[in-house]
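sequence first, then the predicted structure, then my questions.
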Amino acid sequence: MKFLFKDKLTSVASLILLLFVTLAIFGPWIAPFPKEGAGASHVDNSYIGPGWHHLLGTDELGRDLLSRIIYGARPALFIALAVVGFAAIIGTLLGLIAGYRGGWIDNVIMRVSELFLSFPSLLLSLVAVTFLGPGLVNALIALIISWWPWYARLIRVEASIVKSKPYVEISAAMGVPGRTIVLRHILRNVTTPLIVQIAADLGTVILAAGSLAFIGLGSQPPSADWGLMVAQGRNLIFDQWWISTFSGLAIFLAVLAFNILGDALRDHFDPRIARQ
Amino acid sequence: MTTILKVSDLQVDFMSGEKILNSPLRGINLEIEAGKTLGLVGETGCGKTLTASAIMGLLPTTASQRGTIEFAGHGFLEASVMGAIRGSEIAMIFQNPQSAFNPIFNIGAQLTMVAQRRNIERGRIPELLIDRLASVGMSDAKRILASYPHELSGGMLQRCMIAMALISTPKLLIADEPTTALDATIGHQVLGLIRSLQQRQGFAMLFISHDVSAVAKVSDVISVVYAGRVVESGPAYDLMNNPQHPYTRGLLGAIPSAQKRRGQLTAIPGSVPSSLKDIVGCSFAPRCALADSACSKEPPLVHINQQLIACWKVGT
Amino acid sequence: MKVLRNRLSSAFLVLLGASFITFTLARVIPNDPALAYIGPKATAAEAAKLRITLGLDQPIPIQYVKYLFQTLQGNWGYSLSTKQSVLQEITSRLPATLELITFAMGFALLLGITLGVYAAKYRGRFQDSVIRILAIAGVSMPAFWLGLLLQMLFAGRLAWFPATGEFDIELKYDHPITKITGFPIFDSIITGNYHATLNGLHHMILPALTLSAYSFGLLSRMARANLLEVMSQDHVKVARAYGLSERLIFFKLALRNALPPIVTVTGMSSAYLITGTFFVEQVYNWPGIGSFAVNSLLSIDYPAIMGITLLAAIGYLLINFIVDIIQSKLDPRVWLQ
């Protein structure tokens, strides 16, 4: 755990992440204007610039921007965890089945995975969410659809490597059931790249979800979704710049934190490639 | 006989700032005469390759070096001078021929780069390379020069490396485990090739290996290294038949050979000390059957008959 | 040549798969295409008649096969929103997007590789840290946000660059570009219309920089990491042992070795460039496929969506194919697999 603070950059990232999680969990109690954060409008206050009363200003419906951003942490974290979680689980299951069973199941799963992967993934999500209809849950499903193949392929490759290793045969000869050995060894070999990828993916999903929302295919108003908020401030960027700027900044910082930590994790597990 | 290389009490520490992290070389003493071969023997990790790096002036920046290295009469060699000498007067061949060559360039290109470094005229280079390749037994020179490293076998690559080393006419060839990564038969051929080239061209050689029998075949003098120090050194024949130092005895007892078919192979109990910087007294003492209270002081390397030994329990 | 055949057949399968996925999504998920076509005000009877006309009453596999045949013949359907042929919409907008992508890729490669190499050379020092932070920032920034920021700062506050569009509106009258290849900036160069070229470049800079950020981050990190890894490999030590200069080793030997993976990453990052245009073109009002795509998505214009999906798949495959060829030239160990 100490590596989380191994240098200045990583420490900053860890703190940002901590802040992010705290806001996601305790947002409603921290936000200065909780009702506005949740969506209540206060039109008299529209378009107030950043200042003492409203630290980050207010948006087009007079809602305190800081509170909105704080409230936006929860859906962002939720989407990140949900997409990566489901994608990893589904992908791992399919990868295990494909790797262990082999045969036509293997072929089908792998062809489908490769198909999905030989394609810009965001496009797939965009198309999926278009036909599913806008909304947070649909965006979630659309993202999961395009995310699982990477995990499936990772697990499948590892499974087929392990399956052919001598120690599997030997253990089987000694009476240990094949399935257990394979599972144990696969999971052991796969843990490191899996963790590193998950950390990076959490950031990437937030980026993708934000992109979907920006276009209008993600969370819908009056949700406090960072991507949505950037879109809402889009045409006002020259005068009421704070709306898009701070909302987008939130996305940027969250993704940045995850990426930096993903790097730190990778360095931690693979010091062979000495970096500094 | 002129001394080509003389290493006196070479010590190397790895530093982190002011702190010493490790002391892999604690006292290396070597002397090689022109045209002769010195075999450097010891277990993996005893500091043999590091010694070669030190002689070449290629120690990492974290290393701090003490002691003297004299080459062909030159005293301490500065980095700039080393740059000119490296590859021309001292050449080195390495253990892993596959990884020693750049995978992206063909053999010809890489040999040419070395030749250009030696300021050989452009026009003369192709015929020079063909000649060198022929001298290492590769007559199909044109094809070899056009090949990429991954297209050639280990044995062929090692020959190419020898050819590369002989592009100039070095006074000293350092061979670091040249046959370790090769099959036994191929390794044997390469060994024979090196020996015959040496007889023809007259360079001195520092032959490094953990394989005592290979060393015995090519060396005139053998030095045994243990835990970063030379513990015994002497003419090959004498050392092989009459080893003095307990470590050498153990090492030679562990060689399988046709003569010893009926005896048992001896294994030296214990293992090499891991942290060399904290050793007090004789480094071999913990594993030595002859150790006693005298061994709590580090024995100096002294002349006994024809040999150099570092042990309290020998001679006088 | 056998390798080529394999590549083509697998590419074809991918395209087939891509079209199948899009087709399935469009049909299986509830959204009545007929209603979308004629609008919500139609009566049930009209909708039913239209369904028959559009062939929507037939079983899905048959519809798919018909769709395939039509596509291969060049009939990509008609856009529900603009009522024009999808293929024509795409081809008319393609040049603008391709020029944007080209410039973005150019920036990313130039800046990315140069800074990555520089960071590797000064590893551990201040320059290295700065470049690494820039790179990771580039990879973390939402393209749409960066676009808006650049727009606000450089077009709004500082007014150094225009905020939107491919060219100034007046250009059409003052210095119209003669269409030769269809690529505006390129055409303006070859016809000597330098006013237009400068104007086009002026408009191109902000969007191209925005689009390049992600690829830049990716490439510079790759370049740095690869170079450092190569420098620690055995053959570099051997080169040093033969007296080759550090300069030669770094710039010729190590760099050439580090290039192949960089080339691969370039291919992969083109996916981000393709989808990135959706957002960048929106922000900068760029008349390309990206903005057309977004509009099609929002209006559920399914023929257009399928056309764009197919196009994206083709583009991505093409780029990666070219990348593989370049790769095999650079790295003799790679057989065109």
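Happy to help now that I have it.

whichever strand or helix holds B:S64 close to chain C?
Secondary structure from DSSP states H and E places B:S64 in strand B:63-71. No. Strand B:63-71 does not reach chain C (CB under 8 Å from any CB of the partner chain); its nearest approach is 14.4 Å. Backbone N, C-alpha and C define where each C-beta goes, glycine included.

okay, buried residues for that strand please.
By neighbour count, with 16 or more other CB atoms under 10 Å in any protein chain shown as the criterion, the buried positions of strand B:63-71 are B:63, B:69-71.

what average pLDDT does that strand get?
pLDDT averaged over strand B:63-71 equals 82, rounded to a whole number.

for it, name the packing helices and strands.
With contacts defined as 3 or more CB pairs under 8 Å, 6 or more residues apart in numbering or on different chains; DSSP states H and E, the secondary structure elements packing on strand B:63-71 are strand B:3-16, helix B:48-56.

ok now the longest one, how far from the chain's centre?
What that stands for is strand B:3-16. Between the mean C-alpha location of strand B:3-16 and the chain-wide mean there is a distance of 14 Å, by CA atoms, centre = their mean, to the nearest Å.

so which bits of it are buried?
By neighbour count, with 16+ other CB under 10 Å as the criterion, the buried positions of strand B:3-16 are B:4-7, B:10-14.

tell me the one among those nearest to chain C.
Of all these, chain C sits closest to B:L5, with 15.8 Å by CB to the nearest CB.

what ranges do the strands span in the stretch 1-150 of chain A?
For the stretch 1-150 of chain A, none of the segments meets the definition of strands by DSSP state E, counting those that start in this stretch.

before we move on, the earlier item: so can I have CSV of the buried residues of strand B:3-16 showing pLDDT and distance to chain A?
Conversion of the buried residues of strand B:3-16 to CSV gives the following (pLDDT from 0 to 100; distance: CB to the nearest CB, whole Å):
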residue, pLDDT, distance to chain A
B:I4, 84, 36
B:L5, 85, 32
B:K6, 84, 35
B:V7, 85, 30
B:L10, 86, 27
B:Q11, 86, 26
B:V12, 87, 20
B:D13, 86, 20
B:F14, 87, 15
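
residue ranges with poor pLDDT in chain B?
Per-residue confidence of chain B (counting by pLDDT under 70) places the weak regions at B:1, B:73-84, B:254-266, B:275, B:277, B:315-316.

one more time with 80
B:1, B:17, B:44-46, B:72-88, B:252-307, B:311-316 (pLDDT under 80).

quick one: the helices in it?
In order along the chain, chain B carries the following helices (DSSP state H): B:48-56, B:79-85, B:97-100, B:107-117, B:125-135, B:141-146, B:154-165, B:184-201, B:212-218, B:236-241, B:246-253.

would you turn these into a markdown table with distance to A:H42?
As requested, the helices of chain B are exported to a markdown table (distance: least, CB to CB, whole Å):
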| stretch | distance to A:H42 |
| --- | --- |
| helix B:48-56 | 73 |
| helix B:79-85 | 72 |
| helix B:97-100 | 69 |
| helix B:107-117 | 73 |
| helix B:125-135 | 82 |
| helix B:141-146 | 78 |
| helix B:154-165 | 77 |
| helix B:184-201 | 84 |
| helix B:212-218 | 87 |
| helix B:236-241 | 94 |
| helix B:246-253 | 86 |
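
A:W150 is nearest to which of those?
helix B:97-100 (31.3 Å; CB to CB).

before we move on, back to that, now, of the helices of chain B, which is deepest in the fold?
helix B:154-165 (a mean of 25; mean count of other CB atoms under 10 Å in any protein chain shown).

show me what it is packed against.
Helix B:154-165 sits against strand B:90-93, helix B:97-100, helix B:107-117, helix B:125-135, helix B:184-201, with contacts defined as 3+ CB pairs under 8 Å, 6+ apart.

chain A is nearest to which of the ones you listed?
Smallest distance to chain A across the helices and strands packed on helix B:154-165 (CB to the nearest CB): 15.4 Å, for helix B:97-100.

which other helices and strands contact that closest one?
helix B:154-165, helix C:234-241.

in CSV, list those helices along with distance to C:L298.
Compiled in CSV, these are given as follows (distance: least, CB to CB, whole Å):
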stretch, distance to C:L298
helix B:154-165, 61
helix C:234-241, 54
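
closest one to C:Q73 among those?
Comparing those by their distance to C:Q73 (CB to CB), the top pick is helix C:234-241, with 54.1 Å.

avg pLDDT for the closest one?
Averaged across helix C:234-241, pLDDT comes to 89.

repeat for stretch C:164-182
The predicted model gives stretch C:164-182 an average pLDDT of 81.

low-scoring pLDDT stretches of chain C, where are they?
C:1-83, C:171-173, C:175, C:177-178, C:181-182, C:302, C:328-329, C:331-337.
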